[in-house]
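Colleague: sequence first, predicted coordinates after that:
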Amino acid sequence: MTETERIIANTNATMTMEDMPLTSADMQRISDCLVGKKSFNTAVNELIAQYRKT
């Protein structure tokens with residue numbers, strides 16, 4: 001298991017305990033941030049924009 005996979009698995013376990021498991025999109029977004037494909041600020045701004053539209 002890579003470090004990225006471990007972080008995502010731990011995050012998913014924590015969120016699942018709160019009855020909010022990560023979606024596939026969430027896991028991909030986290031992975032993109034951790035490997036440097038996308039900055040965390042960009043990911044947050046994209047989520048804000050997405051939910052402002054709805």
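Modeller: Structure's in. What do you need?

Colleague: need the helices for the protein, in chain order.
Modeller: Applying DSSP state H to the chain gives helices spanning 3-17, 24-35, 40-53.

Colleague: most tightly packed of the ones you listed?
Modeller: With neighbours defined as mean count of other C-beta atoms under 10 Å, the helices of the chain peak in mean count at helix 24-35, which reaches a mean of 15. All C-beta atoms are positioned from the backbone trio N, CA, C, and that covers glycine.

Colleague: what packs against that helix?
Modeller: Here helix 24-35 touches helix 3-17, helix 40-53, going by 3 or more C-beta pairs under 8 Å, 6 or more residues apart in numbering; DSSP states H and E.

Colleague: other SSEs contacting the first one?
Modeller: Packing partners of helix 3-17 (3+ C-beta pairs under 8 Å, 6+ apart): helix 24-35.

Colleague: related to what we said a few turns ago, quick one: closest of the helices and strands packed on helix 24-35 to D32.
Modeller: Proximity to D32 (C-beta to C-beta) singles out helix 40-53 among these, at 7.1 Å.

Colleague: could you tell me the angle between the closest one and helix 24-35?
Modeller: 150 degrees (axes from the mean of the first three to the mean of the last three C-alpha atoms, to 10 degrees).

Colleague: please state the offset of helix 40-53 from the chain centre?
Modeller: 12 Å (C-alpha atoms, centre = their mean, to the nearest Å).

Colleague: show residues contacting that helix.
Modeller: 29, 32-33 (C-beta atoms under 8 Å, 6 or more residues apart in numbering).

Colleague: check the average confidence over that helix, would you?
Modeller: The average pLDDT within helix 40-53 is 94.

Colleague: dump that helix to PDB, keeping only the CA atoms.
Modeller: Below are the C-alpha coordinates for helix 40-53, written out as PDB (Å, rounded to 0.1, in the frame of the first residue of the first chain):
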ATOM      1  CA  PHE A  40      -5.500  21.700  -2.200                       C
ATOM      2  CA  ASN A  41      -6.700  25.300  -2.600                       C
ATOM      3  CA  THR A  42      -7.700  24.500  -6.200                       C
ATOM      4  CA  ALA A  43      -9.700  21.500  -5.100                       C
ATOM      5  CA  VAL A  44     -11.400  23.400  -2.300                       C
ATOM      6  CA  ASN A  45     -12.300  26.200  -4.700                       C
ATOM      7  CA  GLU A  46     -13.700  23.700  -7.200                       C
ATOM      8  CA  LEU A  47     -15.900  22.200  -4.600                       C
ATOM      9  CA  ILE A  48     -17.200  25.600  -3.400                       C
ATOM     10  CA  ALA A  49     -18.000  26.500  -7.000                       C
ATOM     11  CA  GLN A  50     -19.800  23.200  -7.500                       C
ATOM     12  CA  TYR A  51     -22.000  23.600  -4.500                       C
ATOM     13  CA  ARG A  52     -22.800  27.300  -5.200                       C
ATOM     14  CA  LYS A  53     -24.400  26.200  -8.500                       C
END
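
Colleague: that'll do, ta.
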